[in-house]
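In: What follows is a predicted protein model with its sequence.
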Amino acid sequence: MNQKGGVGKTTTAVNLGAALGQAGRSVCMVDLDPQAHLTINFGLEPSSDRVNLYHVLCDDHSFLQAVHKVDDRVALVPSSIDLAAAEVELVHVIGREQVLKRKLDQAQHDFDYLILDCPPSLGLLTLNALAVADEVIIPMQPHFLPLQGVAKLLETIQLVRERMNPRLSVSGVVLTMYDAQTKLTGEVVRELETFFEQARGRNLPWSDARIFNSRIRRNIKLAESPSFGQTIFQYEPSSNGAADYRALAAEVMAMEDGSTRPAEAPSAQAAPKPQPPQPSADAQPDPTPTDAANREIYT
């Protein structure tokens, strides 16, 4: 999730899910955005005639009725423009923030991963995703304005964990459209690292978060592949974009075998509001990515 648009949320969801599928994991992709870009990226035309997430949230359809097979390993719960009406239709429903959770609790599925692609907002659809998720990955372009939005996003995650979902945690930030040659990129990376380091050992959803070592470099093939209804691995498997998302999937899978820490119960005392990390005017770029071997990974 990220409430800022154009930072690579859907691109990351599509290609991370596809890479996990190629690695032998069973994956279900859930499109929570009424724009249905995730659905389109998999070559499906958004349609009200097809059972989609709107029917799951607002009608009597089960979650599994909306699951469409993409290939042997990857499945999709599609979206359509009708999903834009869900926030209005659910406004009088008791526990409207947990409708998706209730539907998933009733579903007997055997997916290894459920990947939920959130809309670029902090509305009811995003809250439904946070109420059911175990972990949040934040795709972020390493620029100043996306950095400013991190504080509000983390504040929302903190509230959801306190009130609805005590399991919820932030896995980390995936840097997208990454250019190691610019000074601003280095400044943003360092400020994020400092911000997460200051949260270590505290009872916060992002206390174990990190910047993923797999940086998604600028790659025109990633922008072209959705117009063909294909993932980057179908469209250009030898591209930098494919290599970067394979590396990200390897990091995510490594978290399965890493050290685990049980979620702590939320403190009765309200945690302080997260403050946005601020790029330093004097900071110098850091062209060397952090070595994965020197970072602890938790799930």
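Out: Everything's here; your move.
In: What ranges does the stretch 151-299 of the chain have for its helices?
Out: Assigned by DSSP state H, counting those that start in this stretch, the stretch 151-299 of the chain shows helices spanning 183-198, 220-224, 232-235, 240-257.
In: cool, the stretch 1-150 of the chain as well?
Out: 9-22, 37-41, 53-58, 86-89, 99-106, 124-132, 144-163.
In: picking that back up, show me the one of the helices of the stretch 151-299 of the chain that comes nearest Leu57.
Out: Nearest to Leu57, of all the helices of the stretch 151-299 of the chain, is helix 240-257, at 26.7 Å by Cβ to Cβ. Glycine gets a C-beta too; all of them are placed from N, C-alpha and C.
In: Show me what the mean pLDDT comes to for that closest one.
Out: Mean pLDDT, helix 240-257: 93.
In: And stretch 53-73, by the same measure?
Out: Mean per-residue pLDDT for stretch 53-73: 93.
In: Start and end of it, how far apart?
Out: Stretch 53-73 has an end-to-end distance of 20 Å (criterion: Cα to Cα, to the nearest Å).
In: who touches that stretch?
Out: Here stretch 53-73 makes contact (Cβ atoms under 8 Å, 6 or more residues apart in numbering) with 20-22, 24-32, 42, 44, 48, 50-52, 75-80, 82-83, 85-86, 89-90, 99-100, 103-104, 106-109, 128.
In: Distance from it to the middle of the chain?
Out: Computed by Cα atoms, centre = their mean, to the nearest Å, the chain-centroid distance of stretch 53-73 equals 20 Å.
In: Pull out the buried residues from it.
Out: Residues of stretch 53-73 classed as buried: 53-58, 61, 63-64, 66-68, 70, 73 (neighbour count, 16 or more other Cβ atoms under 10 Å).
In: Sort out which of the contacts of stretch 53-73 are buried, if you could.
Out: Taking 16+ other Cβ under 10 Å as the criterion, what is buried in the contacts of stretch 53-73 is 20-22, 25, 27-32, 42, 44, 51-52, 75-80, 82-83, 86, 90, 99-100, 103-104, 107, 128.
In: so where is the stretch 151-299 of the chain shaky, pLDDT-wise?
Out: Along the stretch 151-299 of the chain, segments meeting pLDDT under 70 span 257-299.
In: ok, now which ones touch Gly43?
Out: By Cβ under 8 Å, 6+ apart, the contact set of Gly43 is Gly229, Gln230.
In: In CSV: the helices of the stretch 1-150 of the chain, plus distance to Asp117.
Out: Formatted as CSV, the helices of the stretch 1-150 of the chain follow (distance: least, Cβ to Cβ, whole Å):
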stretch, distance to Asp117
helix 9-22, 4
helix 37-41, 4
helix 53-58, 10
helix 86-89, 15
helix 99-106, 13
helix 124-132, 9
helix 144-163, 15
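In: how about those helices, which one is nearest Gln3?
Out: With Cβ to Cβ, the closest approach to Gln3 among those belongs to helix 144-163: 5.9 Å.
In: what's that closest one packed up against?
Out: helix 124-132, strand 135-140, strand 169-175, helix 183-198 (3 or more Cβ pairs under 8 Å, 6 or more residues apart in numbering; DSSP states H and E).
In: and that helix with helix 183-198, angle?
Out: Using axes from the mean of the first three to the mean of the last three Cα atoms, to 10 degrees, the inter-axis angle of helix 144-163 relative to helix 183-198 is 20 degrees.
In: for helix 144-163, which positions count as buried?
Out: Using 16+ other Cβ under 10 Å as the test for burial, helix 144-163 gives Pro146, Leu147, Gly149, Val150, Leu153, Leu154, Thr156, Ile157, Gln158, Val160, Arg161, Glu162.
In: isn't Asn165 right up against Ala129?
Out: No - using Cβ atoms under 8 Å, Asn165 is not in contact with Ala129; the gap is 10.2 Å.
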